[in-house]
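Asker: coords below, sequence missing:
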């Protein structure tokens with residue numbers, strides 16, 4: 001989740017609806033300026049007993065952040081607490097229970113993206129070695145109850161933790177027990193955004209299946225391949241889901257702004273702190289009628305803050321965020337942006353991907369979204385094809401898109417090699433979660449502690 005800093009320079013009031021739309025319009029970039037942003041989270045644990053560290057304790061999360069500053073990261077404070085780090089590789093931040101996230105810098109190509117990932121993980125592991133900490137690449141804590149997990153000292157999390165149980169039964173699990181990999185990509189125009197949004201939203205369940213990696217809850221199989229994905233179905237219906245209006249005629253910046261205005265608020269950031277506005281209306285805020293700030297209208301910085309509190313499968317800010325994947329190991333962190341860059345950053349590939357999904361109905365989208373967390377690659381599209389079959393075709397399109405981009409590394413290789421982990425998953429028909437379940441029922445003999453040895457970075 002976003003780490004809020006005080007706005008620098010002028011932060012005027014929002015004057016009109018045009019100010020809302022301008023956030024999306026300012027995201028438009030010519031093709032040569034399109035960049036790739038990759039975010040990935042990992043669970044932190046003490047190697048000695050697999051316990052999740054608190055913020056304050058010796059060798060805990062605060063010590064981990066301090067340790068990373070030796071690599072040039074600059075602390076970001078909320079009050080007296082370091083809650084994030086800023087540097088040339090983006091930002092390191094904390095999820096609610098201490099999951100550690102890198103929100104990477106906007107980069108030109110996937111070779112740079114994977115190098116950034118490697119630098120970060122090397123740094124994290126080096127600091128972890130000194131503190132006795134390990135880092136687990138999964139989509140859901142495999143053995144921890146909510147009560148066993150700490151809460152990080154960030155103001156927005158206190159507000160969200162209080163609000164979540166009022167709007168869904170699994171929101172606390174989303175905050176405390178999940179990890180994801182995300183990719184952020186650019187668009188050149190409103191029409192380009194619309195097509196990319198539609199393709200990526202339709203195929204987000206395929207991404208969920210390929211990266212499904214959360215089959216355990218509190219030490220036992222939970223009946224899902226991506227329990228992380230299932231959790232979003234009962235987190236908060238006012239800010240999650242497949243957004244059927246994206247596929248309707250006339251979709252664009254204004255329609256997304258209307259959607260975002262109807263997403264209930266969480267907070268307003270003022271004077272370095274968070275004011276609880278959970279469940280209130282941004283539309284009322286625009287009229288100066290927000291009960292917690294009577295007579296005050298929103299500042300320009302309040303709108304991006306609010307956009308960050310909507311959690312659909314694909315999210316629009318000044319770029320598009322792909323949000324469907326479970327956390328996972330090193331090579332799959334590189335594979336996720338490879339999938340979406342291959343599909344969305346080459347026009348021929350984008351057109352081919354749209355041809356695959358343009359006939360899907362809203363009912364198809366909802367059915368597929370509900371089935372994939374349990375069925376993975378054996379879920380079926382609207383014409384009866386399994387997602388394994390669909391995945392083969394999608395990966396061919398992505399490969400062609402990456403080849404056409406012709407971004408080469410020093411050895412002369414293009415970016416398509418980063419898809420290799422996904423090709424292997426599709427060829428086998430087995431999601432990562434199913435492989436973990438095979439080990440659990442086989443060589444691990446039900447000992448889930450073995451997962452720390454095999455799934456740590």
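Answerer: Okay, I see it. Since the model is a prediction, treat every value here as computed from it, not as a measurement.
Asker: any idea how far the residue nearest to residue 70 when sequence neighbours are not counted lies from residue 99?
Answerer: Spatial nearest neighbour of residue 70, chain neighbours left out: residue 127 (7.8 Å); criterion: Cβ to Cβ, 6 or more residues apart in numbering. Bear in mind the C-beta positions are built from the backbone N, C-alpha and C, glycine included. When Cβ to Cβ, to the nearest Å is applied, the distance between residue 127 and residue 99 equals 16 Å.
Asker: So for those two, which residue has more residues nearby?
Answerer: residue 99 (27 against 19; other Cβ atoms under 10 Å).
Asker: For the more buried one, list the residues it contacts.
Answerer: When contacts are counted by Cβ atoms under 8 Å, 6 or more residues apart in numbering, residue 99 is found next to 41, 42, 43, 44, 178, 179.
Asker: Quick check: the residue nearest to residue 70 touching residue 68?
Answerer: Yes. Applying Cβ atoms under 8 Å, one finds residue 127 in contact with residue 68, separated by 5.7 Å.
Asker: returning to that earlier point: in the contacts of residue 99, find the pair that's most separated.
Answerer: Set against one another by Cβ to Cβ, the contacts of residue 99 have their most distant pair in 44 and 178, with a gap of 13.9 Å.
Asker: So between those two, which is more surrounded?
Answerer: Comparing residue 44 with residue 178 by other Cβ under 10 Å, the one with more neighbours is residue 178, at 27 against 23.
Asker: Touching, that one and residue 228? I think so.
Answerer: Yes. Taking contacts as Cβ under 8 Å, residue 178 lies within contact range of residue 228: 4.6 Å.
Asker: Check the model's average confidence along the longest strand along the chain for me.
Answerer: Taking DSSP state E as the assignment, the strand of the chain that covers the most residues is strand 36-46. Averaged over strand 36-46, pLDDT sits at 98.
Asker: For beta bridges, what are the partners of residue 275?
Answerer: Under the criterion DSSP bridges, residue 275 forms beta bridges with residue 268.
Asker: For it, list the residues it contacts.
Answerer: Counted by Cβ under 8 Å, 6+ apart, residue 275 has contacts 267, 268, 269, 292, 293.
Asker: Now the two most distant members of those residues.
Answerer: The most widely separated members of the contacts of residue 275 are 269 and 292, with 12.3 Å between them, by Cβ to Cβ.
Asker: who has more neighbours, those two?
Answerer: In this comparison of residue 269 against residue 292, neighbours counted by other Cβ under 10 Å, the higher total goes to residue 269 at 18 against 15.
Asker: what stretches of this structure score poorly on pLDDT?
Answerer: Across the chain, residues meeting the criterion (pLDDT under 70) sit at 1-9.
Asker: my guess is residue 86 is in a strand, correct?
Answerer: Yes. Residue state for residue 86 (DSSP: H, G, I helix; E, B strand; the rest coil) corresponds to a strand.
Asker: how many neighbours does it have?
Answerer: Residue 86 sits with 16 neighbouring residues when counted by other Cβ under 10 Å.
Asker: So what sits opposite it in the bridge?
Answerer: Per DSSP bridges, the residues bridged to residue 86 are residue 74, residue 91.
Asker: So it sits against residue 76, correct?
Answerer: Yes. Proximity of residue 86 to residue 76 meets the contact threshold set by Cβ under 8 Å, at 5.6 Å.
Asker: closest to residue 192 among the contacts of residue 99?
Answerer: Here the nearest of the contacts of residue 99 to residue 192, counting by Cβ to Cβ, is residue 41; it sits at 28.7 Å.
Asker: From residue 43, how far out is the nearest residue to residue 432 once chain neighbours are set aside?
Answerer: With Cβ to Cβ, 6+ apart as the measure, residue 213 is the residue that lies nearest to residue 432, at 4.5 Å, once sequence neighbours are left out. Distance, residue 213 to residue 43, using Cβ to Cβ: 12 Å.
Asker: Now do the shared contacts for these two.
Answerer: Taking Cβ under 8 Å, 6+ apart as the contact criterion, the common neighbours of residue 213 and residue 43 are 137, 138, 327.
Asker: Wait, a helix at residue 246?
Answerer: Yes. When three-state DSSP is applied, residue 246 is found to be in a helix.
Asker: Distance-wise, check it relative to residue 32.
Answerer: Residue 246 sits 27 Å away from residue 32 when distances are taken as Cβ to Cβ.
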